[in-house]
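Student: I'd like to go over a predicted model; first the sequence, then the structure.
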Amino acid sequence: MNRQRRTESQRRAGERGQWSSKTEYFLVVAGNVVGLGNVWRFPYLCYKNGGGAFLVPYCLFAVVYGMPLFLLETSFGQYTQEGFITCWRKLCPLAQGIGYGHAIIKLYDFCYIIVQVWALFYLVFSFRSQLPWSTCENTWNTANCLGLQILDSPSTNLTNQSMLKNTTSAATEFWERRVLGMSRGIEELGSVRWELALCLLACWMFCYFSIWKSIRSSGKVAYFTATFPYVMLIILLIRGLTLPGAWEGIYFYLYPDLNHLANLEVWVEAGSQILFSYSLAAGTLTVLSSYNEYNNNCYRDSFWLCLLNSGTSFVAGFVVFSVLGFMAQNQGVTVDTVAESGPGLAFIAYPQATALMPVPQFWTVSFFLMLFFLSVDTHFVTVECFITSLSDLFPKLFRKPGRHEIFVLVICSFFFLIHLMLVTEGGIYVFQLIDYYGPSRACLYFMALFECLALAWTFGADDVINFIEDMTGQRPSVFFKLCWKYIIPLLSLASFVLHLVDCQHPRINNWYVYPYWAYAVGWTMTLSSVLMVPLWAAGQMCLTAGTFRQRLSALCRSAEDPAWKMESRKLKEEGTTVQLRTPAETPA
């Protein structure tokens, strides 16, 4: 089996290419899984859900959910040497709808390029002699603006916070009025912000030249984009720990409030954080590992990459909350009044804090360079995985010399035009709607559930363990089999149901409520990926010849299964033909 698969792997490598070295693979995967979710989402969730107590469900989910699923997806891709759509043909054709669901999720993931755009915009302004978000002397400021000079004043403390209720910080006004130019809602998209549009063009150009030669170019780019954020993170960590009030922020970050462990939402949040930060159930790991050699030790790689991811999240919490503690001390307030998740933390609180430090330009430039490259890795890997999967689906069309570069250019150009919507005056409302409903927790839990059902139950958990042993020379313990067959499906199903039951409509700044049609659009985005799984299965059952039992058997069996080949030969001798169409032969 090893010799046959190795020969097949070498043939596929000649068609698709392989990583030039193990280092390139490791850096690209690390750059993808270590992103904004580690730097901002994890520290915020840790604080929100009981500080150090949140580490209990987080670590438990990392062991029984994250690591086993990470290994399953990477070994699956390495074994099949295919993208996240066509890989299912070899092991479980009935489940190919999972791959199409991943493709739709990827389209929504493309919108996260807007984070790069904002980071690049701030980076340009960071070189000014006076940071524009530190004063109220700009054309976009209102009469209610509150400059950092006042916030930093000793007279501004808890006794006179009432007089500040109707004011807006200079950092908030820069974000809302200068960067976004926010309209009154999604109903008013307004005009395109031309400066953001230029940044968007620059980001898509960077993405194109990172992936235009497929992994031959993206692997080389990762040497810089995956390592540079770590340099910046270490610099910011050292600086943060030396700030006055830093340890008060760290106390808020880590103080364990064990009462939160009785709240089911805390456990659901921990599971969703593992899904997002490990890039699980989205097809990314499958595609990246498909460029490995057949005998690469994906078993060992999975352990170290998961450890790197969680370790980065934990360290990033010290960076974020040391600065928030510094801000809280300067403003005479508690840490919980300055800590928030998402764009507010990245583009309001942190820039405001760096503006109060000595030599603010240096710290601001360092921060936004880190933010830019953290998002760059995740974005170009997302686009590369989407393009690889389409190329594997239509190899004769996209693999001919010169066509790949043109195909990548068309994809990048098309989505640049689509994403102009995100840099309008109402773009922030569109982005947060896509962020909440597109690649939502419900979608990822659903995909994780059916991945395990298809591979651990239909294809067979023992067969998965066998091909991992065949590739790596190491046999995974029975613990992984239990996780794939029982623990991950049960946790995914429970979390999926809880998310649907407790789902709340998103709001912006706690005051803007989306119109009902926007929520309908949002749920359509969620269902567009989820429904691909049952619809594809139903369509294939209808299009495959034979009795119901024969069709189900054909679609649930690996094309390389000797038992299935023998059964097919027997049916043929009996005069019964079971024809299984490939997706290329199946009408759309």
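Tutor: Thanks, I have the structure now.
Student: every contact and neighbour count from this point should use C-alpha atoms.
Tutor: Fine.
Student: what's the distance between Asp470 and Pro57?
Tutor: Using CA to CA, to the nearest Å, one gets 33 Å for the distance from Asp470 to Pro57.
Student: cool, Ile387 as well?
Tutor: Going from Ile387 to Pro57 by CA to CA gives 36 Å.
Student: more crowded one of these two?
Tutor: The residue with more neighbours, out of Ile387 and Pro57, is Ile387; 21 against 17, by other CA atoms under 10 Å.
Student: for that one, which non-adjacent residue is spatially closest?
Tutor: Ranked by CA to CA, 6 or more residues apart in numbering and with sequence neighbours excluded, the top spatial neighbour of Ile387 is Val408, at 7.2 Å.
Student: with Gly317 instead?
Tutor: Excluding the flanking residues, the one nearest Gly317 by CA to CA, 6+ apart is Pro43, at 4.6 Å.
Student: correct me, but the one you found touches Thr312?
Tutor: No - applying CA atoms under 8 Å as the test, Pro43 and Thr312 come out as separate, 10.8 Å apart.
Student: so between the two, which is more surrounded?
Tutor: Relative neighbour count places Pro43 above the other of Pro43 and Thr312, with 26 against 18, counting by other CA under 10 Å.
Student: is that one in a helix, a strand, or coil?
Tutor: Following DSSP: H, G, I helix; E, B strand; the rest coil, Pro43 is assigned to helix.
Student: ok, now Ala270?
Tutor: On the basis of three-state DSSP, Ala270 is classed as helix.
Student: repeat that for the one 10 residues further on.
Tutor: Counting by three-state DSSP, the backbone at Leu280 sits in coil.
Student: residue contacts, it?
Tutor: For Leu280, the contact set (CA atoms under 8 Å, 6 or more residues apart in numbering) comprises Gly66, Leu69, Phe70, Glu73, Ile274, Leu444, Ala448.
Student: report pLDDT for it.
Tutor: Note on Leu280: pLDDT of 93.
Student: same question, Arg89
Tutor: The model reports Arg89 with a pLDDT of 88.
Student: same deal with the one 3 residues further on?
Tutor: pLDDT recorded at Cys92 is 90.
Student: contacts only, for it.
Tutor: Listed by CA under 8 Å, 6+ apart, the contact set of Cys92 reads Ala454, Leu455, Thr458, Phe459, Leu555, Cys556, Arg557, Ser558.
Student: which one of these sits closest to Val533?
Tutor: Of all the contacts of Cys92, the one with the least separation from Val533 (CA to CA) is Ala454, at 11.0 Å.
Student: from what I can see the closest one touches Ala95, true?
Tutor: Yes - counting by CA under 8 Å, Ala454 does reach Ala95; the two are 6.4 Å apart.
Student: settle it for me: which of those two has more neighbours?
Tutor: The residue with more neighbours, out of Ala454 and Ala95, is Ala95; 27 against 22, by other CA under 10 Å.
Student: so who does Val117 touch?
Tutor: The neighbours of Val117, taking CA under 8 Å, 6+ apart as the test, are Leu196, Cys199, Leu200, Cys203.
Student: what does the strand or helix carrying the second one contact?
Tutor: If I follow you right, that is Cys199. Per DSSP states H and E, Cys199 falls inside helix 194-211. Surrounding helix 194-211, the residues in contact under the criterion CA under 8 Å, 6+ apart are 113-114, 116-118, 120-121, 179, 217-218, 221, 376, 379-380, 384, 408-409, 412-413, 416, 420, 423.
Student: quick check on these: which are buried?
Tutor: Among these, those classed as buried by 16 or more other CA atoms under 10 Å are 113-114, 116-118, 120-121, 179, 218, 221, 376, 379-380, 384, 408-409, 412-413, 416, 420, 423.
Student: inside helices: which ones of those?
Tutor: 113-114, 116-118, 120-121, 218, 221, 376, 379-380, 384, 408-409, 412-413, 416 (DSSP state H).
Student: shaky segments in the stretch 201-350 of the chain?
Tutor: Residue ranges of the stretch 201-350 of the chain with pLDDT under 70: 338-345.
Student: is Arg177 in contact with Thr142, as I believe?
Tutor: No - in this structure, Arg177 is not within contact of Thr142 by CA under 8 Å, at 9.5 Å.
Student: and stretch 502-511, how far out from the chain middle?
Tutor: Put simply, stretch 502-511 sits 21 Å off its chain's centre (CA atoms, centre = their mean, to the nearest Å).
Student: so, low pLDDT: which residues of the stretch 451-588 of the chain?
Tutor: Along the stretch 451-588 of the chain, the parts satisfying pLDDT under 70 run over 559-588.
Student: I'd like to know how far Arg475 sits from Asp392.
Tutor: Separation of Arg475 from Asp392 (CA to CA): 30 Å.
Student: these two: who's more crowded?
Tutor: Asp392 (21 against 14).
Student: show me what contacts that one?
Tutor: Each residue near Asp392 by CA under 8 Å, 6+ apart is listed here: Glu82, Gly83, Thr86.
Student: can you give me the strands for the stretch 451-588 of the chain?
Tutor: According to DSSP state E, counting those that start in this stretch, the stretch 451-588 of the chain carries its strands in the segments 507-508, 512-513.
Student: of those, which is nearest Ser440?
Tutor: strand 507-508 (15.4 Å).
Student: residues making contact with that closest one?
Tutor: With contact meaning CA under 8 Å, 6+ apart, strand 507-508 is reached by Tyr429, Val513, Tyr514.
Student: in its sheet, what does it sit against?
Tutor: Taking DSSP bridges as the criterion, strand 507-508 forms sheet pairs with strand 512-513 (antiparallel).
Student: list phi and psi for Val192.
Tutor: Phi and psi for Val192, reported as degrees, to the nearest 10, are phi -80, psi 130.
Student: ok, now Ser169?
Tutor: Dihedral angles (degrees, to the nearest 10) for Ser169: phi -70, psi 150.
Student: residues of whichever strand or helix holds Tyr436 that come out buried?
Tutor: Assessed by DSSP H and E, Tyr436 sits inside helix 427-437. For helix 427-437, the neighbour count (16+ other CA under 10 Å) marks Gly427, Ile428, Tyr429, Val430, Phe431, Gln432, Leu433, Ile434, Asp435, Tyr436, Tyr437 as buried.
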